[in-house]
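Asker: Structure of the sequence below:
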Amino acid sequence: MNLRTLFVTTLAALLAGCSTLPASEGWSRAREAAVAAARDPWVWAPLAGAAALQVGNADHRISRWAVRETPVFGSTTHAAAASDTLRSVAVVADAAVVLMEPRQEGSRNGFEDKALNYVEDLAAATVAIGATHVLKSATARQRPSGQDNESFPSGHVTIAATYDRLAAMRLQRFDADPALTSGLGYGLDAVSFATAWARIEAGAHYPSDTLAGLAIGAFSARFFAEALRGDASPRAALGVAPQRGGLQLSWRVVF
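Answerer: Modelled structure (predicted):
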């Protein structure tokens with residue numbers, strides 16, 4: 001299954017999930033979640049920054065300088081490798097936060113809650129990655145390196161931002177020292193920004209590409225957090241079915 005098909009399938013599951021509530025309530029929740037996500041500074045600020053970079057050809061000038069000087073990672077090769085590592089750090093960090101998240105009030109099965117929570121995060125990432133893939137095909141922007149026409153937006157940054165924002169929002173629910181959770185949240189933010197800069201130094205993306213990735217990831221994370229959390233009823237279902245030559249993994253997210 002390619003990314004575009006996965007994106008469409010997940011969206012269909014989301015829309016089908018609205019039928020578990022009265023139509024007006026389901027769509028109202030989805031609409032409110034979309035509005036809240038659009039108002040999140042993590043969404044509109046990167047988009048505003050991407051637009052500002054088009055003035056005076058700043059987007060291209062910063063890209064050329066970063067690739068020429070590689071001030072942080074020392075070479076484009078090291079920057080590319082670092083971006084892969086940072087993206088993986090974001091994925092692992094979110095999984096760790098899900099595992100450590102306190103059991104929800106009234107829950108009888110903490111492991112099941114954690115599994116469903118991770119399915120929600122996986123669905124949020126799938127939608128974000130699918131949107132990125134669609135935009136890459138639609139815009140066909142050439143990378144600074146000239147390697148291909150998949151520069152806008154950055155997939156690495158989209159993934160890192162989605163998981164980092166999901167983990168940061170989950171940390172706010174921990175009964176822990178606010179200074180600790182804030183510090184961890186800043187660390188997650190740093191992973192997103194470091195991933196973005198690594199992709200620029202690697203010559204894989206222009207700055208506006210990475211800012212768009214930040215916005216897409218943050219929007220998907222906030223949308224799912226608003227639409228799916230705070231409801232005591234099960235919010236997701238995970239299924240595994242045998243198929244010829246392997247297994248088929250599926251999920252359904254419910255509003």
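Asker: Helices of the stretch 151-255 of the chain, residue ranges please.
Answerer: Along the stretch 151-255 of the chain, the stretches classed as helices by DSSP state H, counting those that start in this stretch are 155-171, 178-201, 207-228.
Asker: On the pLDDT front, check residue 104 for me.
Answerer: pLDDT for residue 104: 65.
Asker: Quickly note the distance from residue 131 to residue 125.
Answerer: Distance, residue 131 to residue 125, using C-beta to C-beta, to the nearest Å: 11 Å. Every C-beta, even on glycine, is put in place using the N, C-alpha and C of the backbone.
Asker: Could you list the low-pLDDT ranges of the stretch 151-255 of the chain?
Answerer: Within the stretch 151-255 of the chain, the segments meeting pLDDT under 70 span 229-255.
Asker: between the helices of the stretch 151-255 of the chain, which one is nearest to residue 52?
Answerer: Residue 52 lies closest, by C-beta to C-beta, to one member of the helices of the stretch 151-255 of the chain: helix 207-228, at 9.0 Å.
Asker: Alpha carbons of the closest one, in PDB - could you do that?
Answerer: This file holds the C-alpha atoms of helix 207-228, laid out as PDB (Å, rounded to 0.1, in the frame of the first residue of the first chain):
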ATOM      1  CA  PRO A 207      13.800  26.600   4.600                       C
ATOM      2  CA  SER A 208      10.200  27.100   3.600                       C
ATOM      3  CA  ASP A 209       9.900  23.300   2.800                       C
ATOM      4  CA  THR A 210      10.900  22.500   6.400                       C
ATOM      5  CA  LEU A 211       8.600  25.200   7.900                       C
ATOM      6  CA  ALA A 212       5.700  23.700   5.900                       C
ATOM      7  CA  GLY A 213       6.600  20.300   7.300                       C
ATOM      8  CA  LEU A 214       6.500  21.700  10.800                       C
ATOM      9  CA  ALA A 215       3.100  23.200  10.200                       C
ATOM     10  CA  ILE A 216       1.600  20.000   8.700                       C
ATOM     11  CA  GLY A 217       2.900  17.800  11.500                       C
ATOM     12  CA  ALA A 218       1.700  20.300  14.200                       C
ATOM     13  CA  PHE A 219      -1.700  20.600  12.600                       C
ATOM     14  CA  SER A 220      -2.200  16.800  12.400                       C
ATOM     15  CA  ALA A 221      -1.000  16.300  16.000                       C
ATOM     16  CA  ARG A 222      -3.200  19.000  17.400                       C
ATOM     17  CA  PHE A 223      -6.200  17.900  15.400                       C
ATOM     18  CA  PHE A 224      -6.100  14.400  16.600                       C
ATOM     19  CA  ALA A 225      -5.400  15.500  20.200                       C
ATOM     20  CA  GLU A 226      -8.500  17.800  20.100                       C
ATOM     21  CA  ALA A 227     -10.800  15.400  18.300                       C
ATOM     22  CA  LEU A 228      -9.900  12.100  20.000                       C
END
